[in-house]
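Colleague: A structural model of the following input is requested.
(chains A and B)
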Amino acid sequence: MKRPRPSTVRWLIVVFVLVLWEALPRAGLIPELLLPPLSKTLAALVADRALYGEAMLVTLYEIAFAMLIACGAGILIGAAVGGVARLRNLLLPVFSSLYAVPIVILYPIFTAWFGIGSQSKIIFAGVYGFFPVMLSTAAGIRTIEEQLLVAARSMGATVPQQIGRVIIPASIPTVLAGLRLGGALTIIGVVVSEMLTSSAGIGYLVTSYRTVLDSPHVFAGVLTILVFSILFDTLARAIERRTMVWQTAGRRERSLSREEARIAAAPAPA
Amino acid sequence: MQHMARMSLIREDSAAPAIEIAGLSHVYSGRDGAVPALEDISLSVPAGRFVVIVGPSGCGKTSLLMMMAGLRRQSAGTILCAGAPIPEPDPKRVGVVFQEASLYPWLTALDNIEFPLSLRHVPRADRRARANDMLELVGLHGFGERYPHELSGGMKQRVSIARGLVQDPPVLLMDEPFAALDEQTRMTMGHELLRIWSQTNKTVVFVTHSLTEAVYLADEVLVMSARPGRIIDRIPIPLPRPRSYDMMATDVFGRLRDRIWQQIRT
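Modeller: Coordinates of the predicted model:
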């Protein structure tokens, strides 16, 4: 028997879970209060689509600005910390320890400073996502092979050229990995802060429906964020893949063009 | 009369050594104070010559090469390249090939070869044409669109050589370029290098650990002492050109290699 492809198996698992989601509550195996059937959840989502759409817009707006802060500050400070030895020795241990702090504990303070509107969410989630971006940017710049820079100098590269033509392209893979992680954390940060203290957004909807025990509407909100997060991750991965053609050594299944096939068949020089 | 004057000018130009080092010393500050690394080095490499520098590990031969490339500054003494000092790297006068291929993994072979030209904003079409010529020269026709990770170790070094030669510098400096290759590939690459050298008339200064490689490639072998590095012997290699693999089995070859070995051992 032929082995099914991993992607096929993945989709089968997703379908299986969705079927269970519908079947288990319908069969009475799980109370509908704890898990409403998928169909009811979707019905709630469709019925109140304007409400969810509006909440999603608020959430998206907050996520966008939080990512701007996380990525912008993360890359800038990360580059400085990674590139300047003195800053690195001074700041890197501090930032690494701060990364381990559950920053959500600071959220009440943020609301006291910036109010319960979008501002406090943007700043909180921005800070939350900042750390992985900053740390991986610093790591990406610090781990560049010295030899690549020496070679550039031997070819007469000026300092701006060394930065633009060597340091930036060489650190892109690590920076992108940090952006993906940081982006995911800003989504978490926004939703969590909306659930804690808020008056708008998907997180707020979920919390308010939960307090009135309206399970289908709670799950509709959960589903919205779930789909959005998966979309973000898929997009981020696609960008990573595109920019790292040169990194996927051998893993890339290339369709050999005729020219390439000819070269592959020809004896290679040493 | 004018004709005569021009003749003598050309004679003088061609008589100027490609590289001339006088009274070069280098001291670097280590943990326990000043460490003398290179001591009173003077040498002259005539244009078109293939010179190999050998010496024990840590004798400063790589440092010396980096100084010739303008990548490091010596404490004292002068280095002249075709009569002029090299205060900073200038790939139009001196090309460098490093031990590790040091190619940019995000660029294809052709883009890597073009890299020094693109730093100087040479128009794209000129760049491509020049890089293709170089690719041809190093025997990599058809491999231009490959990324470094898709090339073997020997092929990567071919790309490095092409990159070093792309601006047609009169001098090519090579720092143990084949050290990371297996023995078989190393021999092939040495032979290939001689072919490229004979086609381009470059002056080559080549640093290596391998005595066989040194004798096989060189017009002249310079032997350096352990730190502080000094030049303790200059051994002309009278083997005819083009060199062939069976020369390695001859007595002359063996005696030359042995003479170098005796120098390094002591």
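Colleague: Which SSE is immediately downstream of the lowest-mean-pLDDT helix or strand in chain B?
Modeller: Comparing helices and strands within chain B by mean pLDDT, DSSP states H and E singles out helix B:2-15 as the least confident, with a mean of 45. Heading C-terminal from helix B:2-15, the first helix or strand you meet, by DSSP states H and E, is strand B:19-30.
Colleague: what mean pLDDT does that next one have?
Modeller: On average, the pLDDT along strand B:19-30 is 89.
Colleague: what's the angle between the next helix or strand after that strand and strand B:19-30?
Modeller: From strand B:19-30 onward toward the C-terminus, using DSSP H and E, the following helix or strand is strand B:33-45. Here strand B:33-45 runs at an angle of 170 degrees relative to strand B:19-30 (axes from the mean of the first three to the mean of the last three CA atoms, to 10 degrees).
Colleague: Strand B:33-45: how far from the chain's middle?
Modeller: In this view, strand B:33-45 has its centroid 19 Å away from the chain centroid, taken as CA atoms, centre = their mean, to the nearest Å.
Colleague: which residues of the stretch 101-250 of chain A score low on pLDDT?
Modeller: Per-residue confidence of the stretch 101-250 of chain A (counting by pLDDT under 70) places the weak regions at A:245-250.
Colleague: same question, the stretch 101-250 of chain B
Modeller: For the stretch 101-250 of chain B, residues meeting the criterion pLDDT under 70 lie at B:101.
Colleague: how about the residues of it near chain A?
Modeller: Those residues of the stretch 101-250 of chain B that sit near chain A, judged by CB under 8 Å from any CB of the partner chain, are B:102, B:104-107, B:115-116, B:118-120, B:139-140, B:142-143, B:147-150, B:152, B:154-155, B:158, B:163, B:184-185, B:188-189, B:192. Any C-beta I mention is one placed from the backbone N, CA and C, and that applies to glycine too.
Colleague: Drop anything exposed from those residues.
Modeller: Judged by neighbour count, with 16 or more other CB atoms under 10 Å in any protein chain shown as the criterion, the buried members of these are B:102, B:104-107, B:115-116, B:118-119, B:139-140, B:143, B:147-148, B:150, B:154-155, B:158, B:163, B:185, B:188-189, B:192.
Colleague: so of these, which ones are in helices?
Modeller: With helices identified by DSSP state H, the entries of these that belong to them are B:Phe115, B:Pro116, B:Ser118, B:Leu119, B:Gly154, B:Met155, B:Arg158, B:Arg163, B:Thr185, B:Thr188, B:Met189, B:Glu192.
Colleague: Show me which pair in the residues you listed is furthest apart.
Modeller: Using CB to CB, the two most remote members of those are B:Leu119 and B:Thr188, lying 31.0 Å apart.
Colleague: Number of residues surrounding residue 63?
Modeller: If you meant another chain, say so; for now it's chain A. Neighbour count of A:Ile63, defined by other CB atoms under 10 Å in any protein chain shown: 26.
Colleague: other chain: chain B
Modeller: Residues within reach of B:Ser63, counting by other CB under 10 Å, total 18.
Colleague: just A:Val166 next, same as before
Modeller: 21.
Colleague: Please settle this for me: is it part of a helix?
Modeller: Yes: per DSSP: H, G, I helix; E, B strand; the rest coil, A:Val166 lies within a helix segment.
Colleague: Hmm, it is touching A:Val150, no?
Modeller: No: in this structure A:Val166 lies outside contact range of A:Val150 using CB atoms under 8 Å: 10.2 Å.
Colleague: want to throw the ones in helices among the buried ones among the residues of the stretch 101-250 of chain B next to chain A into CSV with distance to A:Phe114?
Modeller: Putting those into CSV (distance: CB to CB, whole Å) gives the following:
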residue, distance to A:Phe114
B:Phe115, 48
B:Pro116, 51
B:Ser118, 47
B:Leu119, 47
B:Gly154, 61
B:Met155, 58
B:Arg158, 60
B:Arg163, 54
B:Thr185, 63
B:Thr188, 68
B:Met189, 64
B:Glu192, 67
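Colleague: okay, which residue is most central for chain A?
Modeller: A:Ala184 (3.0 Å; CA atoms, centre = their mean).
Colleague: who touches that one in this structure?
Modeller: Contacts were defined as CB atoms under 8 Å, 6 or more residues apart in numbering or on different chains; by that measure A:Ala184 touches A:Gly129, A:Ser229, A:Phe232, A:Asp233.
Colleague: Pull out the buried members of those.
Modeller: A:Gly129, A:Phe232.
Colleague: of all the contacts of A:Ala184, which comes closest to B:His26?
Modeller: Checking the contacts of A:Ala184 against B:His26 with CB to CB, the nearest one is A:Gly129 at 48.8 Å.
Colleague: State the distance from that closest one to B:Val45.
Modeller: Separation of A:Gly129 from B:Val45 (CB to CB, to the nearest Å) stands at 57 Å.
Colleague: Also A:Ser215?
Modeller: When CB to CB is applied, the distance between A:Ser215 and B:Val45 equals 85 Å.
Colleague: For the stretch 101-250 of chain A, which segments are assigned as helices?
Modeller: If DSSP state H, counting those that start in this stretch is used as the criterion, the helices of the stretch 101-250 of chain A fall at A:107-114, A:118-142, A:146-154, A:159-161, A:168-196, A:202-211, A:215-243.
Colleague: now, of these, which is deepest in the fold?
Modeller: By mean neighbour count, with neighbours taken as mean count of other CB atoms under 10 Å in any protein chain shown, helix A:118-142 ranks first of the helices of the stretch 101-250 of chain A at a mean of 25.
Colleague: how much does it deviate in direction from helix A:202-211?
Modeller: Between the axis of helix A:118-142 and that of helix A:202-211 there is an angle of 130 degrees, by the same axes, to 10 degrees.
Colleague: Helix A:118-142 close to chain B?
Modeller: No: taking CB under 8 Å from any CB as the criterion, helix A:118-142 and chain B are apart, separated by no less than 13.2 Å.
Colleague: elements contacting that helix?
Modeller: If you count contacts as 3 or more CB pairs under 8 Å, 6 or more residues apart in numbering or on different chains; DSSP states H and E, helix A:118-142 packs onto helix A:49-83, helix A:85-100, helix A:107-114, helix A:168-196.
Colleague: what angle do the second one and helix A:118-142 make?
Modeller: Taking the same axes, to 10 degrees, one finds that helix A:85-100 is oriented at 130 degrees with respect to helix A:118-142.
Colleague: residues touching the residue nearest the centre of chain B, list them.
Modeller: For chain B, the residue lying nearest the average C-alpha position, counting by CA atoms, centre = their mean, turns out to be B:Leu173 (2.5 Å). B:Leu173 makes contact with B:Leu65, B:Met68, B:Ala69, B:Val94, B:Gly95, B:Val96, B:Val97, B:Val204, B:Val205, according to CB under 8 Å, 6+ apart.
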